[in-house]
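Visitor: predicted model and sequence follow; I will ask about them next.
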Amino acid sequence: MDSSISFLMNMETVASFGPTPKSHLSLRSRSNLISVCKLSRFPLISFSGKPGKPVRLKASPSHIGDVKENTRTFKEIPPSPWPHHFLSVHVDASEMDMLGKEIEALKPIVGGMLMSSQCVDSIKNRIILIYLLVCLGLMYLFEDEIEESLKVDFENIEDILAGEHDLCTVSTIFWVFRKYGYNMSSDVFKRFKGENGKFKECLSGDAKGMVSLYEAAHLGTPTDYILDEALRFTTSNLKTLATAGASPSHISVRIRNALRMPQHYNVEMVFTREYISFYEQEEDHNEMLLRFSKINFKFLQLNWIQELKTLSKWWKQQELVSKLPPFFRDRTVECYLYAVLVYFEPRFSRGRAAFGYFGDLLTVIDDTCDRYGSVSEITDLVHCVERWDLDCLESLPDFMKTVFKFTWNVFEKCQSDGRSEEGLSYNVQSFLEEFKKFMRANLSYAKWAQSDVVPTFDEFLAVGGAEVTMYVSIACVFLGLRKNAREEAYEWLKSRPKLVVAQAARGRLMNDMTGFKDDMSRGYKANAINYYMSLYGVTEEEAFVELKKMVRDLDKQINEEILLETKTVPRETLKRATGFGKMVVYSYRNGDENFTFPEGTFKDHITSLFVDLIRL
């Protein structure tokens, strides 16, 4: 029986992964290592905590309750950089109204540009316009027009690209079609190879073409071998172009940004803020599109700030900072950043709010299980969640009472906010079922972390993918969809599609590579690098090499699954599910623990989205 089928049939039946423990491992051969997307039946988002200075907290009845030990050791977590900032911000409703009216006035103009003639040059320009709308953050205003246009144009793709040898044009068209779920052949890039079978060296000086090919290469599947070559070719040349001073300064910045975070993995609105600055410096930019993008972006910013103010007030009212020992991360603003990553559009306001509430909850639960609670305490908490009964409170120590009450109140809040919307109660219940699975995964993970038991690597990825919260977070994301779309999305998620399973495995691996040193420094054993070294008798360096290969393979498998799922799963469902998957890559791609230590990249991005309003 295929391992993916056996795994999905029975969570406890684990597929074969890697060499036999302690056997010789060939680091060059990967054929026996992965399809990791076959592995996990659980859920993923890891807000895993990896902090700094050890403190000893003296237990007291008001904090710890019935706990045998009178002290607990844990590492102090950096406080929120935004403790009160958004409580006092002011949003001018009249300004939002004015911006909204200007957006509505400009929409028909751009809509007309999307309905251009069907001659080849017009079609190419229209597809490039669609790419611009994506980059400038305007695509959500023209979803129907874009879908209709691409459906017709893809049927004529060979005619459209016949005789086209501009690298930037071909790469951009490829990116657009793949991004919208059309399986355009990567053979289109063979025209840029020389007689020696390699990409022509004369292309290396084409900065825009190199960036476009680099971005397209990140949409490759396991069989797109030419895109593997393209990625190596462009990465090497872009590093030279970014430092050699051969390109205008704004293009050099665009190159550095792409090398740091490719567009395929970036937060849409973080990328958009950067791209607007780039586009403004392009000599041939369209003034109307530039104006439109700035107006729209400021409108979005004001909307987000208003929501963030409401969320910050709610978080303050929970008083968890005073009710609990300081073992958890205060990250309300960062959770809202994740919500904007998954769905930035104005119509998803309720979804962003729910994701903000549950983001705070998942963070508290993660830190309770990962950094503070004993196995017996976590067992009791999981039992209460399984029963979903407030009468369970008496069995919990005092700090766990607070955690369970907070859990209960968050679900009640979401249920209450959605009572006016038909069908939301059913979906909150569906989310609760995923939350229970997440809690069971946390318990299994805690048992491993606090014992000498070494699970098989595929079992670890299954449970670890859940503990890092992929499934439960996607279930939360689906709360923001329309009623019929929600119900279909939950049924899809329950089937444990390979796309989501692969995202869970990728998230677990990236999380653990980033947090390995800190995990080991605090004696936390449940880490992919640690287990891989133990199971397969390899060094730390070799384990990192192999896990990075696994992540690259998973990237390609995820791209392939998106193309396959597009045939049967609504685009809205896929976009939100993969949006959350991108969040993990965004958090860990450059080896930073941005959520736990938000003073760096996260703080910069929060500032650019929610603090510094774009200038019109």
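Guide: Structure's in. What do you need?
Visitor: can you map out the helices along the stretch 451-600 of the chain?
Guide: Ranges of helices in the stretch 451-600 of the chain, per DSSP state H, counting those that start in this stretch, are 457-467, 470-477, 483-494, 498-521, 528-536, 540-565, 571-588.
Visitor: of the ones you listed, which stretch is the most buried?
Guide: Comparing those by mean neighbour count (mean count of other Cβ atoms under 10 Å), helix 470-477 comes out on top with a mean of 29. All C-beta spots, glycine's among them, are computed from the backbone N, C-alpha and C.
Visitor: quick one: mean pLDDT for that one?
Guide: The average of the pLDDT scores along helix 470-477 is 94.
Visitor: would you turn the helices of the stretch 451-600 of the chain into CSV with distance to Lys101?
Guide: As requested, the helices of the stretch 451-600 of the chain are exported to CSV (distance: least, Cβ to Cβ, whole Å):
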stretch, distance to Lys101
helix 457-467, 46
helix 470-477, 31
helix 483-494, 29
helix 498-521, 40
helix 528-536, 52
helix 540-565, 37
helix 571-588, 27
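Visitor: closest one to Glu283 among these?
Guide: helix 571-588 (31.2 Å; Cβ to Cβ).
Visitor: for Leu213, find the nearest of the helices of the stretch 451-600 of the chain.
Guide: helix 540-565 (16.0 Å).
Visitor: what helices or strands is the closest one leaning on?
Guide: helix 498-521, helix 528-536, helix 571-588 (3 or more Cβ pairs under 8 Å, 6 or more residues apart in numbering; DSSP states H and E).
Visitor: just how off-centre is the shortest one within its chain?
Guide: So the one you mean is helix 528-536. Helix 528-536 sits 25 Å away from the centroid of its parent chain (Cα atoms, centre = their mean, to the nearest Å).
Visitor: and that helix, what does it pack onto?
Guide: With contacts defined as 3+ Cβ pairs under 8 Å, 6+ apart, the packing partners of helix 528-536 are helix 457-467, helix 498-521, helix 540-565.
Visitor: adding mean pLDDT and distance to Ile103, write the ones you listed out as a markdown table.
Guide: Below are the helices and strands packed on helix 528-536 laid out as a markdown table (pLDDT from 0 to 100; distance: least, Cβ to Cβ, whole Å):
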| stretch | mean pLDDT | distance to Ile103 |
| --- | --- | --- |
| helix 457-467 | 88 | 40 |
| helix 498-521 | 92 | 33 |
| helix 540-565 | 97 | 30 |
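Visitor: right, and the ones you listed - which one's nearest Asp360?
Guide: That would be helix 457-467 among the helices and strands packed on helix 528-536, by Cβ to Cβ, at 17.6 Å.
Visitor: show me where pLDDT drops low in this protein?
Guide: Counting by pLDDT under 70, the chain contains low-confidence ranges at 1-74, 117, 244, 419-426, 591-592.
Visitor: indicate which one of the helices and strands packed on helix 540-565 is closest to Arg260.
Guide: Of the helices and strands packed on helix 540-565, nearest to Arg260 by Cβ to Cβ is helix 571-588, at 11.0 Å.
Visitor: counting by contacts, list what the helix or strand that comes right after that closest one packs against.
Guide: Sequence-wise, the next helix or strand downstream of helix 571-588 (DSSP states H and E) is helix 601-606. Packing partners of helix 601-606 (3+ Cβ pairs under 8 Å, 6+ apart): helix 332-342.
Visitor: contacts for the helix it packs on, please.
Guide: 45, 80-82, 85-86, 267-269, 304, 307-308, 311-312, 315, 351-353, 355-356, 359-360, 363, 477, 576, 579-580, 582-583, 586, 594-595, 598, 602, 605-606, 609-610 (Cβ atoms under 8 Å, 6 or more residues apart in numbering).
Visitor: next one: stretch 83-90
Guide: Around stretch 83-90, the neighbours that count as contacts under Cβ under 8 Å, 6+ apart are 305, 308-309, 311-313, 316, 330, 333, 610-611.
Visitor: now, which of these sits nearest Met139?
Guide: Phe610 (21.5 Å).
Visitor: for that closest one, what are its contacts?
Guide: 86, 301, 304-305, 308, 333, 337.
Visitor: for the residue of the chain most remote from its centre, what is the enclosing helix or strand?
Guide: The centre of the chain is farthest from one residue, Glu195, which by Cα atoms, centre = their mean lies 40.6 Å away. Counting by DSSP H and E, there is no helix or strand that carries Glu195.
Visitor: what does Arg615 give?
Guide: Assigned by DSSP H and E, Arg615 falls outside every helix and strand.
Visitor: give me the number of residues near the closest residue to it other than its chain neighbours?
Guide: With Cβ to Cβ, 6 or more residues apart in numbering as the criterion, Arg615 has its nearest non-adjacent residue at 7.6 Å, and that residue is Lys294. Lys294 has 18 neighbours, counted by other Cβ atoms under 10 Å.
Visitor: any idea how far Lys294 lies from Cys135?
Guide: Using Cβ to Cβ, to the nearest Å, one gets 13 Å for the distance from Lys294 to Cys135.
Visitor: and the contacts of stretch 295-315?
Guide: 82, 86-87, 89, 91-92, 95-96, 99-100, 102-103, 106, 136-138, 141, 269, 272-273, 276, 332-333, 336, 340, 344, 346, 349, 352-353, 356-357, 360, 413, 609-610, 613-614, 616.
Visitor: buried stuff in it?
Guide: The neighbour-count check on stretch 295-315 (16 or more other Cβ atoms under 10 Å) flags 295-309, 311-312, 314-315 as buried.
Visitor: also stretch 229-242?
Guide: Within stretch 229-242, the residues that qualify as buried are 229-231, 233-234, 237-238, 241-242, counting by 16+ other Cβ under 10 Å.
Visitor: just checking, which of those belong to helices?
Guide: 229-231, 233-234, 237-238, 241-242 (DSSP state H).
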